[in-house]
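> please work out how this folds:
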Amino acid sequence: MVPLIELRGAIPIAIGMDLGLPEWAVLIIALIGNLVPIPFIYFFAQKVLKWGQKCKWKPFREFCDFCLKKGKKAGDKLLKKAKSGAYFALFLFVAIPIPGTGAWTGTLAASILNLDFKKSMIAIIAGVLTAGLIMLLVSLGLFKVLFGG
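Numbering: from 1, shown residues only. So this is what the prediction gives:
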């Protein structure tokens with residue numbers, strides 16, 4: 001549930017630490033942890049961040065400003081590339097496991113751009129599932145090669 005890390009970090013860490021969980025359980029737990037905050041981010045993050053931009057405490061104000069700018073920038077980039085395929089682009093943005101992309105940023109962008117909630121959730125959930133499978137496969141292969149599992 002941690003921003004930026006999300007399941008992109010949770011799965012490799014869980015596999016690498018060998019917690020004694022089957023791989024499918026690691027994937028399910030990471031997926032749930034990544035998906036639980038999504039509706040809250042969609043409906044409340046933009047409101048909280050706009051409120052935070054007016055806060056007197058400078059570090060919080062700057063953090064809120066940074067998040068809104070990042071969400072707007074990601075959203076604009078998404079729409080520019082996507083043209084009529086905004087939801088497919090949102091799916092790809094979330095599905096490709098590289099730093100700075102993911103469910104949290106994708107959801108914030110969807111919220112800032114006022115994209116349809118249901119369509120956005122479908123794209124984001126599909127993206128999280130895809131990213132989870134990619135990270136699981138990479139983690140299993142990577143740790144087997146590195147540690148001879």
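> what ranges do the helices span in the protein?
Remark: helices assigned in the chain by DSSP state H are 6-17, 23-35, 38-40, 46-52, 58-82, 86-95, 103-112, 117-147.
> contacts for the shortest one?
With contacts defined as C-beta atoms under 8 Å, 6 or more residues apart in numbering, helix 38-40 is touched by 103-104, 107, 121, 124-125. (C-beta placed from N, C-alpha, C; glycine too.)
> the spatially closest residue to Thr130 that is not a sequence neighbour: neighbouring residues, count only.
Of all residues not flanking Thr130 in the chain, Ala95 sits nearest, at 3.8 Å (C-beta to C-beta, 6 or more residues apart in numbering). For Ala95, the neighbour count with other C-beta atoms under 10 Å is 22.
> you'd agree Ala95 is up against Ala126?
Yes - Ala95 lies in contact with Ala126 (C-beta atoms under 8 Å); the separation is 7.2 Å.
> what sits against the nearest residue to Val26 once chain neighbours are set aside?
The shortest distance from Val26 to any non-neighbouring residue, by C-beta to C-beta, 6+ apart, is to Ala14 (4.5 Å). Ala14 makes contact with 21, 26, 29-30 under the criterion C-beta under 8 Å, 6+ apart.
> if we go to 10 Å?
The contact partners of Ala14, by C-beta atoms under 10 Å, 6 or more residues apart in numbering, come to 7, 21, 23, 25-27, 29-30, 136, 139.
> model confidence for it, exactly?
You'll see Ala14 listed with a pLDDT of 88.
> any idea how far Ala25 is from it?
9 Å (C-beta to C-beta, to the nearest Å).
> please name the residues that touch Pro97.
Pro97 neighbours (C-beta under 10 Å, 6+ apart): 6-9, 11-12, 127, 130-135, 138.
> can you check Leu137 too?
11, 23.
> try the one 3 residues further on
Counting by C-beta under 10 Å, 6+ apart, Leu140 makes contact with 11-12, 15, 23, 26, 149.
> in JSON lines: those residues, plus distance to Tyr42 and neighbour count.
Formatted as JSON lines, those follow (distance: C-beta to C-beta, whole Å; neighbours: other C-beta atoms under 10 Å):
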{"residue": "Ile11", "distance to Tyr42": "24", "neighbour count": "28"}
{"residue": "Pro12", "distance to Tyr42": "27", "neighbour count": "20"}
{"residue": "Ile15", "distance to Tyr42": "30", "neighbour count": "22"}
{"residue": "Glu23", "distance to Tyr42": "30", "neighbour count": "14"}
{"residue": "Val26", "distance to Tyr42": "26", "neighbour count": "24"}
{"residue": "Gly149", "distance to Tyr42": "39", "neighbour count": "10"}
